[in-house]
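**Student:** Provided below are the primary sequence and the corresponding predicted coordinates.
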Amino acid sequence: MTDTKKSIHGQWSSRFAFILAATGSAVGLGNIWKFPYITGENGGGAFVLVYLLCVLLIGIPIMMAETMLGRRSRQNPINTMVTLSEEAGADKNWHYLGWMGVIAGFLILSYYSVIAGWASAYVLKAFTGSFFGADATTIKGLFDNFMASPIQLTFWHSLFMLATMLVVVRGVNTGLEKAVRFLMPSLFVLLILMVAYAMTFDDYYDKGIKFLFTPDFSKLTANGVLTAMGHAFFTLSLGMGAIMIYGSYLPKDVSIAKTAILIAGTDTAVALLAGIAIFPIVFAAGLEPASGPGLIFQILPIAFGNMTGGWLFGILFFVMLVFAALSSSISLIEPAVAWLIENKDMSREQACIRSGLVTWLLGLGTIFSFNIWSGFKIFDRTIFQLMDYLTANLMLPIGGFCIAVFAGWIMKQQHTEQELDMSDALSYQVWRFLICYISPASVFVVFLHVVGVL
Ligand code: PHE
């Protein structure tokens, strides 16, 4: 494989552009919407600790592996697995790993877009002053009414899907680079501001911090451990080829290790900030941490409705949340689009229209889970819950496990060494140890724990 190999879809203009795009993929609804509500549902501190450990021991090594695989092959995840398994003289069946990733991307985007639609609707609600002076009950009523309307939810979901496809049609490495460059830092600043506001709740602030950072393992179930691990994959965009495809647009001379650490660090910081901003308000408003997927939509508007400058901050916050979601959603669909272009000879437009339509249609299942089909359950879960469980708790960890095994055991060591090109031998050995043993074994142990073997 030569160093001059490039993706037919182009390349990032610099290391910084890749960092922005990959951080854009990682930071999204996972950090601000999902992390707080699953932390609330799973009892707080112990859950957060397991999640942080998973980011460190599983997430970072696998992020390096995924980036490396993509950059080495410079193709979509399916073809990457074909090419690299050929190179390693391994079984062709590895390409199913790429397939699972592409399918996981579709499934995730189908509900991701619905939730991003909620965030978009909340931009308008913030703008029209719906939160002004509102208390917890009013805000909850607002949310419940919104959930009860399939038409409104479908409208916002459609709008978000359209926006996603409009960006993807131009190629992910053109338009978005510029937007993310300025939106990411702004989101960060706004979150810090929210934390500062949460601090004014004195005792409740302490209670929030305690909830997040004091582990009480009696509150953590086996399924909670699985959710924490699954979330480490979800929030870092790992296990389905998003980071792999972004890696395939990465210039050759960039240090994969440093970049991965930076991205994972930023992503984790955003999630923790969101948690710190939200839980004090949850307690101050007398709400349940375990309020489910509506949590931030029932909490943050209370803050915006009552703080000085809340009107403006509310608008800005939800706008940025939508953009953070957009920079993630494009990475969910890009593997499929790249595959359609590379293997099915489609134009980018054709590929976008088809994959976009399929995802949009699937999203209706999630929408109806919150209203007309809320009683329809498979394995005791609504369609939304099923999609979430299937992807975040099963497909991504299984995908990540296979990526670790492939990078650690199947690829030639010489190739991984060459591709990662780490400055000192020790860091490479640490990565190798993690990817060969620790990451796959941890995933395996968590699965055994869930099925009750351990
Ligand atoms: N990481 C994104 C988030 O936290 C979601 C995502 C998952 C994006 C998987 C790409 C792949 O919002």
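**Tutor:** The structure has been received and is ready for your questions. None of the values given here were measured: they were computed from a predicted structure.
**Student:** all strands for the stretch 151-300 of the chain, in order.
**Tutor:** Counting by DSSP state E, counting those that start in this stretch, the stretch 151-300 of the chain forms no strands at all.
**Student:** and the residue of it nearest the ligand?
**Tutor:** Minimum separation of the stretch 151-300 of the chain from the ligand (CB to the nearest ligand atom) falls at residue 237, amounting to 3.5 Å. C-betas here are computed from N, CA, C, even on glycine.
**Student:** same thing with the stretch 351-454 of the chain?
**Tutor:** For the stretch 351-454 of the chain, CB to the nearest ligand atom, closest residue to the ligand: residue 396, 6.9 Å.
**Student:** For that residue, grab the count of nearby residues.
**Tutor:** For residue 396, the neighbour count with other CB atoms under 10 Å is 28.
**Student:** what does the one 4 residues further on give?
**Tutor:** Burial of residue 400 is recorded as 28 neighbouring residues (other CB under 10 Å).
**Student:** Same question for residue 6.
**Tutor:** 12.
**Student:** per-residue pLDDT, it?
**Tutor:** Looking at residue 6, its pLDDT reads 78.
**Student:** mind checking pLDDT for the residue nearest to it when sequence neighbours are not counted?
**Tutor:** Spatial nearest neighbour of residue 6, chain neighbours left out: residue 74 (6.1 Å); criterion: CB to CB, 6 or more residues apart in numbering. Looking at residue 74, its pLDDT reads 92.
**Student:** Please list all residues in contact with residue 74.
**Tutor:** Counting by CB atoms under 8 Å, 6 or more residues apart in numbering, residue 74 makes contact with 5, 6, 7, 248.
**Student:** Which residue is the nearest non-sequential neighbour of the residue in the stretch 301-450 of the chain positioned nearest to the ligand?
**Tutor:** In the stretch 301-450 of the chain, no residue comes nearer to the ligand than residue 328, which is 4.0 Å away by CB to the nearest ligand atom. Nearest residue to residue 328, sequence neighbours excluded (CB to CB, 6+ apart): residue 28, at 3.3 Å.
**Student:** and the one you found, how many neighbours does it have?
**Tutor:** Residues near residue 28, counting by other CB under 10 Å: 29.
**Student:** For it, what are phi and psi?
**Tutor:** phi -170, psi -150 (degrees, to the nearest 10).
**Student:** What separation do you get for the residue of the stretch 351-454 of the chain closest to the ligand and residue 101?
**Tutor:** Distance, residue 396 to residue 101, using CB to CB, to the nearest Å: 9 Å.
**Student:** Could you do residue 229 as well?
**Tutor:** 18 Å.
**Student:** swap in residue 418?
**Tutor:** In terms of CB to CB, residue 418 sits 24 Å off from residue 101.
**Student:** go on, residue 198?
**Tutor:** 37 Å.
**Student:** So residue 83 is in contact with residue 75, correct?
**Tutor:** Yes. The pair formed by residue 83 and residue 75 meets the contact definition of CB atoms under 8 Å, at 6.5 Å.
**Student:** So which of the two has more stuff around it?
**Tutor:** Ranked by neighbour count (other CB under 10 Å), residue 83 and residue 75 place residue 75 first, with 25 against 17.
**Student:** Now do the contacts for the residue nearest to residue 219 when sequence neighbours are not counted.
**Tutor:** Excluding the flanking residues, the one nearest residue 219 by CB to CB, 6+ apart is residue 43, at 2.8 Å. Each residue near residue 43 by CB under 8 Å, 6+ apart is listed here: 216, 219, 220, 224.
**Student:** List buried residues within those residues.
**Tutor:** 220, 224 (16 or more other CB atoms under 10 Å).
**Student:** As a markdown table, the contacts of residue 43 with distance to residue 123 and pLDDT would be great.
**Tutor:** Formatted as a markdown table, those follow (distance: CB to CB, whole Å; pLDDT from 0 to 100):
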| residue | distance to residue 123 | pLDDT |
| --- | --- | --- |
| 216 | 37 | 95 |
| 219 | 35 | 95 |
| 220 | 35 | 96 |
| 224 | 33 | 96 |
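**Student:** quick one, what contacts residue 184?
**Tutor:** 20, 23, 24, 27, 324, 327 are the contacts of residue 184 under CB under 8 Å, 6+ apart.
**Student:** Return the residues in contact with residue 143.
**Tutor:** By CB under 8 Å, 6+ apart, the contact list for residue 143 reads 294, 297, 298.
**Student:** List the buried residues in the helix or strand residue 328 falls within.
**Tutor:** Using DSSP states H and E, residue 328 falls within helix 310-344. The neighbour-count check on helix 310-344 (16+ other CB under 10 Å) flags 310-311, 313-342 as buried.
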